[in-house]
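*Asks:* Generate a structure from the sequence data that follows.
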Amino acid sequence: MRVDAYWCMSNQIGFPALRRSLLAAATGLLLAAGAASAQPPLVGLSEVRAQRFDNEDLFFFVPDVGDHFGWALAAGDFDGDGAQDLATGVPYDEGLLGAACDDCGIVVVRYGVLREGLAGGLADTVLYQGLAGSPSAPEPDEHFGAALAAGDFNGDGFDDLAVGVPRDVVRLPPTASGPVGAVQVHYGTASGLQIGNPEYLHEVLDWSEVDPCVSVGDEFGASLAAGNFDGDAFDDLAIGAPSGCIANPFVSDAGEVFVAHGSAAGLLELAGYGISENSAGIFGDAADGERFGGAVSAGDFDADGHDDLAIGVPNEGDNGALYVVMGSPFGLIFVNSVFWAPGALGLEPEAGDRLASALAAADFDGDGHDDLAIGDPGEDLGAANELVDAGSISVAFGSPAWFDLSRTDSFTQGRVYADAAADEPGDRFGWALAAGDFDGDGRADLAVGHPGEDLPGGVDNGAAVILMGSLDSGLGTRVGSLAAGRGGVPGSNQASQDFAAALTTGDFDGNGYADLAVGAPWYDSATHNDVGYEIVLYGSLFSDGFEIGSTQRWSSAVP
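*Replies:* Model (predicted):
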């Protein structure tokens, strides 16, 4: 039974009352059937129209060992048709067939179709540095597609795609060259992303005035986030370079973040600026190996109309830290920033934690302020911290005063499932995060990847937890989980595939409900190891059992 048919009938038969009676009946059926289990059913998402996309033979680009299809994911409406599209990074792909370019990388783009979802069949768009008009030729080990972000940087109504190339070989004055990193921006049009002539950003050309220290191995483009930091008509781009050298010969891999503002002409890199722990107004001092900018995420935490930038420093003090720099009509204001070590979020720091190695921003409690989910996949749990790298996440809630830390919440698998045995060493809960409103109730939901999850039949199979948003209370009143090949979810329950190592959300069918894409970049096919695949699950008002007539699959997505 189609959901949209019920929407059409709602004014005629008293839909709210009908919904309550149907859900009450379903709840009774579940209780009678003893449906409680260690793995809650999906909520907000349905396996009914789920899709699986593999690392395909695309004629000139073919699967090979170690491609890691699904390493990075991003969603945006690149052709402006109202259905978002999915970009998939394959950063270890060998490139054009016969080119013998080890780990050059490609990006595969699959377009959404209104009321249908992502188009099936072979993907028709591949981005690659070796195509005509590319500003930089492909070279081995550049990892094109290791990070992705979508936003409308030129304000034309079509989303654009930023592609991180963190080991792009760049000429360094006066004669040397090396893998410094770069970002390519493919602009959207009515016919989709422009294949050739992308905008090309890198430190040497674009930020030399603000960053005199450019060195081999900076990893410029290793993390990306799109946001509107100055509240104008154009999205802006934050670019992480977590191994940046910050102009100090005694400090390496301290990290830096660069910002390019959007305009009608696209990203204005020459008007950009850099942010590091040595910047005036930013708390602390840069130190070896801290990797400032290892993760970045944008959200409007104080609801002032200007996005703010969260910056992860996963190696700060060997346990991780987080900065949030607030937006303004003039862009990001360094003196308006906050710094959180693990203790500020109620966590007990231990060596080896990796707080803020994953970030996601959205309004989980529906109060109009974005909130921030913070992954710490290296968190050790247990009475004696014996559950090494079990992982956790924290949630900081936005407010008019930036954040209300009195409401800060945290989750482990043990708390989610009310079972301490769910916390296991090596699960890496919080490795990946993605936020979107799967059930359309006006409150964002959160998907949490734990790619080290062991399932029957293997280790590191991987899984994800779904935490549904709720009014005032935030996350966790309704929870679900998903794993490949279980409960109707497509994919394979294969060991060491690291399912949910990458996540993103987008409305691929344009129905107003967020959908979820999940990468399994270490999946082995019948012919090649570590080629990877991805699955897509669709959001809906009623999920699971309502559409397929199952009394065992009701999720009560709407309370």
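*Asks:* from what I can see residue 278 touches residue 287, true?
*Replies:* No. Taking contacts as CB atoms under 8 Å, residue 278 lies outside contact range of residue 287: 10.4 Å. Yep, even glycine has a C-beta here, placed from its N, CA and C like the rest.
*Asks:* higher neighbour count, these two?
*Replies:* Remark: of residue 278 and residue 287, residue 287 carries more neighbours, 20 against 17, as counted by other CB atoms under 10 Å.
*Asks:* Relative to residue 252, how far out is that one?
*Replies:* Distance, residue 287 to residue 252, by CB to CB, to the nearest Å: 10 Å.
*Asks:* same question, residue 489
*Replies:* Noted for residue 489: a distance of 43 Å to residue 252, by CB to CB.
*Asks:* More neighbours: which of these two?
*Replies:* Using other CB under 10 Å as the criterion, residue 489 and residue 252 rank with residue 489 on top: 22 against 16.
*Asks:* Which residue ranges of the stretch 101-250 of the chain form strands?
*Replies:* Along the stretch 101-250 of the chain, the stretches classed as strands by DSSP state E, counting those that start in this stretch are 106-110, 112-113, 117-118, 125-127, 147-151, 160-165, 169-172, 176-179, 182-186, 188-189, 192-193, 199-201, 223-227, 236-241.
*Asks:* In a markdown table: those, plus mean pLDDT, mean neighbour count and distance to residue 78.
*Replies:* Converted to a markdown table, the strands of the stretch 101-250 of the chain look like this (pLDDT from 0 to 100; neighbours: other CB atoms under 10 Å; distance: least, CB to CB, whole Å):
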| stretch | mean pLDDT | mean neighbour count | distance to residue 78 |
| --- | --- | --- | --- |
| strand 106-110 | 98 | 24 | 7 |
| strand 112-113 | 98 | 21 | 9 |
| strand 117-118 | 97 | 23 | 13 |
| strand 125-127 | 97 | 20 | 9 |
| strand 147-151 | 98 | 26 | 8 |
| strand 160-165 | 98 | 29 | 7 |
| strand 169-172 | 78 | 18 | 27 |
| strand 176-179 | 77 | 14 | 28 |
| strand 182-186 | 96 | 25 | 8 |
| strand 188-189 | 98 | 20 | 4 |
| strand 192-193 | 98 | 22 | 5 |
| strand 199-201 | 93 | 21 | 15 |
| strand 223-227 | 98 | 26 | 13 |
| strand 236-241 | 96 | 30 | 16 |
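*Asks:* Let me know which of those is the nearest to residue 419.
*Replies:* With CB to CB as the criterion, residue 419 lies closest to strand 223-227 of the strands of the stretch 101-250 of the chain, at 33.5 Å.
*Asks:* pull the CA atoms of the closest one into CSV?
*Replies:* Extracted in CSV, the C-alpha atoms of strand 223-227 (Å, rounded to 0.1, in the frame of the first residue of the first chain):
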residue,chain,number,x,y,z
SER,A,223,38.0,16.6,4.9
LEU,A,224,35.3,18.8,3.4
ALA,A,225,32.1,20.6,4.7
ALA,A,226,29.7,22.9,2.9
GLY,A,227,27.9,25.6,4.8
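*Asks:* ok, and what's touching it?
*Replies:* Contact with strand 223-227 is made by 147-151, 153, 162, 164, 183, 235-240, 242, 293-299, 307-309, 327, as judged by CB atoms under 8 Å, 6 or more residues apart in numbering.
*Asks:* Starting from that strand, tell me which strands it pairs with and how they run.
*Replies:* According to DSSP bridges, strand 223-227 forms sheet pairs with strand 236-241 (antiparallel).
*Asks:* Report the inter-axis angle for the strand it pairs with versus strand 160-165.
*Replies:* 10 degrees (axes from the mean of the first three to the mean of the last three CA atoms, to 10 degrees).
*Asks:* The following helix or strand past strand 236-241 pairs with which strands, parallel or anti?
*Replies:* Moving toward the C-terminus from strand 236-241, the next helix or strand (DSSP states H and E) is strand 256-261. Using DSSP bridges, the strands paired with strand 256-261 are strand 236-241 (antiparallel), strand 268-275 (antiparallel).
*Asks:* tell me the angle of the shortest one relative to strand 182-186?
*Replies:* I take that to be strand 236-241. Going by the same axes, to 10 degrees, strand 236-241 makes 150 degrees with strand 182-186.
*Asks:* distance between strand 236-241 and the chain's centre?
*Replies:* Between the centre of strand 236-241 and the centre of its chain there are 14 Å (CA atoms, centre = their mean, to the nearest Å).
*Asks:* Just the C-alpha atoms of that strand, please, in PDB.
*Replies:* C-alpha atoms of strand 236-241 as PDB (Å, rounded to 0.1, in the frame of the first residue of the first chain):
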ATOM      1  CA  ASP A 236      30.900  28.300   1.300                       C
ATOM      2  CA  LEU A 237      33.400  25.400   1.600                       C
ATOM      3  CA  ALA A 238      35.600  24.400   4.500                       C
ATOM      4  CA  ILE A 239      38.700  22.300   3.600                       C
ATOM      5  CA  GLY A 240      40.600  20.300   6.100                       C
ATOM      6  CA  ALA A 241      44.400  19.900   5.800                       C
END
